[in-house]
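Visitor: I would like to see how this sequence folds:
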Amino acid sequence: MSSFHRTTTRTGLGAAGVAAALLLLPTVASAAPVLPSQCTQTGTTVTCTYLASGGQQTLAVPAGATAVSVVVKGGAGGRGGAGGTGRAGGAGGSGGVVTGSLTGVAGVTLRIVPGPLGANGTDSGNGGGDGGAGAGTGGGGGDGATVVGTSDNGGAGGAGGGSSAVLRDDTAQNLVVGAGGGGGGGGGGYEGDSAPTSGPAGGGGAGGAAGTDGAPGRGQGTAPGGKAASSGSPNGAEAPGAALPGAGEPSYGAGGPGGGGGGVEGGGAGGFANETGGGGGGGGSNLVPSGGSATTTNTGGGSVTITYSTTSSTPTPTPTSTSVRGDVQFGSGYRASIDVRGTATGGSGSCAVSAGTERAVCRSITSVTRSGNTATIKGTAVSRAGLVPFSTTVVDGARPGVRGSDTVTVTVGGRTVTGTVTRGDLSVG
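Guide: So this is what the prediction gives:
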């Protein structure tokens, strides 16, 4: 049987065959530049998402980038704390959501500043919420006032949410787009008997959504809501919302005022009055790019998402190559000689199977695939019947020289033979 290898047809093993095989390999796209960890790429579209938890970051937009678009969300305001007798604090206002397209930013490094949520005010206590830091920091909520002669308090005001922004560099004057933060909710008053704006009697006013006024608190009196910021100018890119920290507040059960939302211009803080829930803070203002739009729908932390198109596509992964080698006897008098390497899209090498005077020799290899220690070779073969389809599946038992550890299944034309290897060894790699 030593003449078996001499009669085996080999394809793609010489220099010309190797060159031809290389020409037939799938074309690999030019490698895309390494992306920041906040970015993903599908085809030629890159999407970068920045959350408030990541703080201020930068993005170098490629020089060839086109169709640059943004979605910028300002942080929502914190809720006001409940008063000592359960008067509810007002809800925080929603942050702005600004969408639009950016022009003239290809090749520019952008500064990304997502604004977080404003902190909630504490229930019946001196714990006004801290303002959400961002491009425009939300104003802190005011403390609830203590009822004279007792340890009871009105609820503390919630803080304004931080605004989110995209700037061309580190200067506020180069603001590209901004979304205002929501105003903080007013704290609930300790007592109250007139109809509230929200919650039971003495309830704190709700914070204003970005660009809207805060609601007044109600109770024995009326605590005005904070005023919304105007649209402002880019020079106000880092304007904070107003805060009232509690000094000088009435000393009889007033709910703490809500802090204003940060924005291109910050919103005003809410007001306060005896036995009355605090007024909600006003929302911060937005800066909307030309042709863009703004809504007030963000109830969570701020974020910035930038999407652009690039000329470098995602690299096409190189198919995994599999090799199958061995010269074995199997089943009832069959012999297989295999020396093949390839992928799911094609391969090269030699293979043949014989039994007595019958023999089939591989003519072409269309695929070589692998699953664990099992490999399957497919293609065409020459036999007595002419050129016919063939497939060979081998299982590498990974125990060289141990009988029964390898198996071979061969289908030539419509005939299939299978068996355990009785001599020799197969390897799948």
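Visitor: low-scoring stretches of this protein, by residue?
Guide: Confidence mapping of the chain against pLDDT under 70 gives the ranges 1-33, 85-86, 125-136, 144-152, 170-173, 187-208, 217-222, 229-256, 313-319, 398-404.
Visitor: Find the residue closest to Ser94 in space, skipping its chain neighbours.
Guide: In space, and not counting its chain neighbours, Ser94 is closest to Ala209: 4.3 Å by CB to CB, 6 or more residues apart in numbering. (Each C-beta comes from the backbone N, C-alpha and C, glycine too.)
Visitor: The one you found is in what secondary structure piece?
Guide: Using DSSP states H and E, Ala209 sits within no helix or strand.
Visitor: The nearest residue to Val340 once chain neighbours are set aside: neighbour count?
Guide: Nearest residue to Val340 in three dimensions, chain neighbours excluded: Gly349, at 3.7 Å (CB to CB, 6+ apart). Neighbourhood size, Gly349 [other CB atoms under 10 Å]: 22.
Visitor: Let me know whether my guess that Gly349 is in a strand holds.
Guide: Yes. According to DSSP: H, G, I helix; E, B strand; the rest coil, Gly349 belongs to a strand.
Visitor: That one against Ile365, yeah?
Guide: Yes. If you go by CB atoms under 8 Å, Gly349 and Ile365 touch, sitting 6.7 Å apart.
Visitor: now the residue nearest to Val340: how far from Gly379?
Guide: 10 Å (CB to CB, to the nearest Å).
Visitor: Mind listing the shared neighbours of the two?
Guide: Jointly contacting Gly349 and Gly379 under the rule CB atoms under 8 Å, 6 or more residues apart in numbering are Cys362, Ile365.
Visitor: quick one, strands of the stretch 51-200 of the chain?
Guide: For the stretch 51-200 of the chain, applying DSSP state E, counting those that start in this stretch gives strands covering 57-60, 66-73, 95-101, 109-113, 164-167, 175-179.
Visitor: So which elements touch the last one?
Guide: The contact analysis (3 or more CB pairs under 8 Å, 6 or more residues apart in numbering; DSSP states H and E) places strand 175-179 against strand 66-73, strand 95-101, strand 164-167.
Visitor: so what does the first one touch, helix or strand wise?
Guide: With contacts defined as 3+ CB pairs under 8 Å, 6+ apart, the secondary structure elements packing on strand 66-73 are strand 95-101, strand 164-167, strand 175-179, strand 303-309.
Visitor: I'd like those as CSV, with distance to Ser293 and mean neighbour count appended.
Guide: Listed next are the helices and strands packed on strand 66-73 as CSV, based on distance: least, CB to CB, whole Å; neighbours: other CB atoms under 10 Å:
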stretch, distance to Ser293, mean neighbour count
strand 95-101, 6, 26
strand 164-167, 16, 31
strand 175-179, 11, 31
strand 303-309, 15, 22
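Visitor: Mind putting those into TSV with distance to Thr295?
Guide: Shown next, in TSV, are the helices and strands packed on strand 66-73 (distance: least, CB to CB, whole Å):
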stretch	distance to Thr295
strand 95-101	5
strand 164-167	14
strand 175-179	10
strand 303-309	14
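Visitor: which one of the ones you listed lies closest to Gly214?
Guide: strand 95-101 (14.0 Å; CB to CB).
Visitor: Okay, the residue nearest to Ser94 and Thr295: tell me how far apart.
Guide: Distance of Ala209 to Thr295, given as CB to CB: 9 Å.
Visitor: Which of these two has more residues huddled nearby?
Guide: Ala209 (32 against 15).
Visitor: contacting residues around that one?
Guide: Gly93, Ser94, Gly95, Gly96, Gly182, Gly183, Gly283, Thr296.
Visitor: from those, which single one is nearest Gly55?
Guide: Gly95 (17.2 Å).
Visitor: Quick check: closest non-adjacent residue to the closest one.
Guide: Closest to Gly95 by CB to CB, 6+ apart is Gly74, at 3.4 Å.
Visitor: what's the neighbour count on that neighbour?
Guide: The number of residues near Gly74, taken as other CB under 10 Å, comes to 47.
Visitor: cool, Ser37 as well?
Guide: When neighbours are counted by other CB under 10 Å, Ser37 registers 8.
Visitor: helix, strand or coil for it?
Guide: At Ser37 the chain is in coil, as set by three-state DSSP.
Visitor: start at 6 instead
Guide: In the new numbering, first residue 6, that becomes Ser42.
Visitor: roughly how far apart are it and Tyr55?
Guide: In terms of CB to CB, Ser42 sits 11 Å off from Tyr55.
Visitor: Likewise for Leu115?
Guide: Leu115 is 10 Å from Tyr55, where distance means CB to CB.
Visitor: ok, now Val413?
Guide: 56 Å.
Visitor: now do Glu363
Guide: 68 Å.
Visitor: higher neighbour count, the two?
Guide: Tyr55 (25 against 11).
Visitor: which residues sit against stretch 362-369?
Guide: Stretch 362-369 has contacts (CB under 8 Å, 6+ apart) with 12-14, 16, 345, 354-359, 382, 384-389, 392-393, 395, 417.
Visitor: Please repeat the previous calculation with a cut-off of 10 Å.
Guide: With contact meaning CB atoms under 10 Å, 6 or more residues apart in numbering, stretch 362-369 is reached by 9, 12-17, 339-340, 342-343, 345, 351-359, 382-390, 392-393, 395, 397, 415, 417-418, 420.
Visitor: quick revisit: what is in contact with Ser42 and Tyr55 at once?
Guide: In contact with both Ser42 and Tyr55: Gln62, using CB under 10 Å, 6+ apart.
Visitor: How about the contacts made by Arg330?
Guide: By CB under 10 Å, 6+ apart, the residues touching Arg330 are 342-346, 354, 399, 401, 430-434.
Visitor: what bridges to the residue lying closest to Gly289 once chain neighbours are set aside?
Guide: Among residues not flanking Gly289 along the chain, Gly268 sits closest, at 2.2 Å (CB to CB, 6+ apart). Gly268 has the following beta-bridge partners by DSSP bridges: Ala244.
Visitor: Thr217 is in contact with Gly268, correct?
Guide: No. Using CB atoms under 10 Å, Gly268 makes no contact with Thr217, being 11.4 Å away.
Visitor: Can you show me the strands along the stretch 206-355 of the chain?
Guide: Taking DSSP E, counting those that start in this stretch, the strands of the stretch 206-355 of the chain run over residues 222-223, 227-228, 298-303, 308-314, 327-335, 339-348, 351-360.
Visitor: ok, Val182 - contacts?
Guide: 75-77, 103-107, 115, 169-172, 239, 269, 291-294, 297, 299, 309, 311.
Visitor: And it, how far from Gly418?
Guide: To Gly418, Val182 is 67 Å away according to CB to CB.
Visitor: can you list the domains in this structure?
Guide: Here the domain assignment for the chain is 41-195+207-243+256-317, 327-428, based on the TED database.
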